[in-house]
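> coordinates for the following, if possible.
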Amino acid sequence: MTGDPLWTFACEFYGRPGIAEACLALQDEAGADVPLLLYLIWCARTGRPVDAAAIAGADDRIASWRVQVIAPLRAIRRAMRSELLPGQSTQAHRERIKAAELEAERLALAALSAAAPEPVCAADSGTDVLALYAAHLGRPWPDAPLRVLRAALGTG
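Purely as a prediction, here's the structure:
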């Protein structure tokens with residue numbers, strides 16, 4: 001779909017066992033934005049500096065897109081899980097909405113990638129981007145998905 005290294009990383013990381021479920025749990029239970037979360041993990045893994053200001057800047061960069069495009073597409077796709085038009089198959093349309101949502105998330109990642117800082121060191125396992133992002137959101141994160149992500153990152 002693209003040669004962007006962030007997109008490549010996001011697809012590979014998200015596809016690992018348990019990661020998608022952990023990311024979606026953080027999205028649904030703690031208000032995390034999955035593209036931003038994947039971006040922050042990528043930054044840490046590629047030696048790009050991440051601190052509270054960097055998280056706030058990245059969040060601001062895609063906030064309008066998330067609110068005006070991604071969230072409505074997600075809401076439509078989720079609403080279409082149930083049979084809203086009795087006797088009518090809407091699965092193919094739901095799949096198109098899902099594809100549009102995925103493309104919108106890819107575009108958010110592309111915007112983040114374009115503004116990402118240059119790597120300054122080797123992969124940074126010392127910066128706890130998960131804790132920094134949770135602090136940015138101002139709420140604690142559920143333990144189970146956090147454990148899954150930390151295990152995948154080798155930090156917990």
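> hey, let's count contacts and neighbours off CA atoms from now on
Will do.
> and the helices in the protein?
5-14, 19-30, 34-45, 52-65, 71-79, 91-114, 129-137, 143-153 (DSSP state H).
> tilt between the first one and helix 34-45?
Helix 5-14 runs at 100 degrees relative to helix 34-45, counting by axes from the mean of the first three to the mean of the last three CA atoms, to 10 degrees.
> show me what helix 5-14 is packed against.
In terms of contacts (3 or more CA pairs under 8 Å, 6 or more residues apart in numbering; DSSP states H and E), helix 5-14 is packed against helix 34-45, helix 91-114.
> per-residue confidence averaged over the last one?
For helix 91-114, the mean pLDDT works out to 96.
> which residues are contacting it?
4, 6-7, 35-36, 39, 58, 61-62, 65-66, 69-70, 73-74, 76-77, 80 (CA atoms under 8 Å, 6 or more residues apart in numbering).
> tell me, what residue is most central in this protein?
By CA atoms, centre = their mean, the mean C-alpha position of the chain lies nearest to residue 34, the distance being 1.8 Å.
> next one, pLDDT for that residue please.
Residue 34 is assigned 98 on the pLDDT scale.
> likewise residue 42?
96.
> swap in residue 1?
48.
> from residue 128, how far off is the residue of the chain most remote from its centre?
Residue farthest from the centre of the chain, counting by CA atoms, centre = their mean, is residue 87 at 35.0 Å. Residue 87 sits 50 Å away from residue 128, taking CA to CA, to the nearest Å as the criterion.
> again, but for residue 61
Counting by CA to CA - residue 61 and residue 128 are separated by 21 Å.
> one more: residue 79?
Distance, residue 79 to residue 128, using CA to CA: 35 Å.
> which one's more surrounded, those two?
The neighbour comparison of residue 79 against residue 128 (other CA atoms under 10 Å) goes to residue 128, with 17 against 12.
> counting by contacts, list what the helix or strand of the chain at the bottom of the mean pLDDT ranking packs against.
Within the chain, no helix or strand scores below helix 143-153, which has a mean of 93 by mean pLDDT, DSSP states H and E. The contact analysis (3+ CA pairs under 8 Å, 6+ apart) places helix 143-153 against helix 19-30.
> now the helix it packs on: average pLDDT?
For helix 19-30, mean pLDDT is 96.
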